[in-house]
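> Model the structure of this input:
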Amino acid sequence: MPFAAPLEGEDIVNDYCGMGFTMGRHPLALLRNKLTRLRVKRAAELNQFETGLKVRVAGVVTHRQRPEPASGVIFMCGIWLRP
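Residues are numbered from 1 along each chain as shown. From the prediction side, this is the model:
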């Protein structure tokens with residue numbers, strides 16, 4: 001009996017774990033409907049808001065840095081989700 005084909009989300013996770021990127025859809029595309037219901041804004045919408053306004057965002061962390069002169073601060077670049 002053959003194994004079931006992996007779900008799209010499983011393929012994406014496996015791509016990131018193995019290669020650090022995927023040729024498939026962006027991971028948040030799988031969550032877009034839920035993110036919209038949670039009023040999470042897309043990056044393209046952020047320039048429409050006033051400076052200092054709190055908005056919900058989600059993104060994918062691709063790497064992080066912890067340089068010595070940063071006094072323990074971790075810089076994270078662009079999977080983080082906080083509804």
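
> switch to C-alpha atoms for all contacts and neighbour counts from now on
OK.

> Quick one: residues in contact with the biggest helix by length in the chain.
Assignment by DSSP state H gives helix 8-19 as the longest helix of the chain. Contacts of helix 8-19 with the rest of the structure, by C-alpha atoms under 8 Å, 6 or more residues apart in numbering, involve 21-22, 24-25, 27, 30.

> Would you write a ChimeraX line that selects the buried entries of these?
Selecting just the buried residues from those in ChimeraX takes one command, with 16 or more other C-alpha atoms under 10 Å as the test:
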select :22,27
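
> Which single one of the contacts of helix 8-19 is nearest to residue 51?
residue 27 (27.8 Å; C-alpha to C-alpha).

> nearest spatial neighbour of the closest one, skipping sequence neighbours?
Nearest non-adjacent residue to residue 27, counting by C-alpha to C-alpha, 6 or more residues apart in numbering: residue 12, 6.7 Å away.

> What about the one you found, how many residues nearby?
As a burial measure, residue 12 scores 21 neighbours (other C-alpha atoms under 10 Å).

> just so I have it, where are all the strands in this structure?
Using DSSP state E, the strands assigned to the chain run over residues 58-59, 63-65, 75-77, 80-81.
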